[in-house]
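Peer 1: Fold the following and give me the result.
(2 chains)
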Amino acid sequence: ETGVTQSPTHLIKTRGQQVTLRCSSQSGHNTVSWYQQALGQGPQFIFQYYREEENGRGNFPPRFSGLQFPNYSSELNVNALELDDSALYLCASSFRGRVVDTQYFGPGTRLTVL
Amino acid sequence: GQQVMQIPQYQHVQEGEDFTTYCNSSTTLSNIQWYKQRPGGHPVFLIQLVKSGEVKKQKRLTFQFGEAKKNSSLHITATQTTDVGTYFCGSGGGADGLTFGKGTHLIIQP
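Peer 2: Here you go, the predicted structure:
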């Protein structure tokens, strides 16, 4: 196992609601990336946090936001939920500083929007 | 970002047969990372390739990075039921995150 943990494991929300997902990174890692994986698809990059700031973002609207805390754990917040937000949300931790930072994924949070 | 296409989408094999999945790009890739995702699970890192023409082996798995750094392959020799899952290639990383292919679903018939 990677040591990356996520909570909750499953979540059901209704359209228009807000959700917060949490991630604890692997010991020794300083960077957290969030991905959305729709059923049958590859993970899609949402954003990355390093030194408590967002330093990279994929093609996701501003209602997807996040935080990184001093202990490198992170939150993903999604406002005004839409049906298409139903997906597996994956957190990946890595260590910034190597030539290529290998990302280690947590078990994910399965979000269902009704 | 770096776009990658993965083929085939699905592959059915008899247990004991070999399996290969391919990852292709129209642009030069800085690196390739391969992940395996079991049904209901999350992507698990397998390997990373950085150098042109690089070949790495892990037991029955052989990973290659093309000379032009535009394609990669994962080959499994003599598949076993434990190999079932979806194999993803991804490229990039850093502040732009990884760009993944759609994956190849490996289905093994005993």
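Peer 1: Which helix or strand contains residue B:11?
Peer 2: Using DSSP states H and E, the secondary-structure element containing residue B:11 is strand B:10-14.
Peer 1: Adjacent strands (with direction) for that strand?
Peer 2: For strand B:10-14, the paired strands and their directions (DSSP bridges) read strand B:104-109 (parallel).
Peer 1: Which positions in chain A make contact with chain B?
Peer 2: A:2, A:33, A:35, A:40-48, A:50, A:55-56, A:58, A:88, A:90, A:92, A:94, A:96, A:99-108 (Cβ under 8 Å from any Cβ of the partner chain). For glycine as for every other residue, the C-beta is placed from the backbone atoms N, C-alpha and C.
Peer 1: Separate out the buried members of the residues you listed.
Peer 2: With burial judged by 16 or more other Cβ atoms under 10 Å in any protein chain shown, the buried subset of the residues of chain A next to chain B is A:2, A:33, A:35, A:42-48, A:50, A:56, A:58, A:88, A:90, A:92, A:94, A:100-108.
Peer 1: Against chain A, how distant is residue B:83?
Peer 2: 19 Å (Cβ to the nearest Cβ, to the nearest Å).
Peer 1: Hmm, I typed the wrong one, I wanted residue B:43.
Peer 2: 5 Å.
Peer 1: With residue B:99 instead?
Peer 2: 7 Å.
Peer 1: what kind of secondary structure is the residue nearest to the spatial centre of chain A in?
Peer 2: Geometric centre of chain A, nearest residue: residue A:34, 2.9 Å, by Cα atoms, centre = their mean. Three-state call for residue A:34 (DSSP: H, G, I helix; E, B strand; the rest coil): strand.
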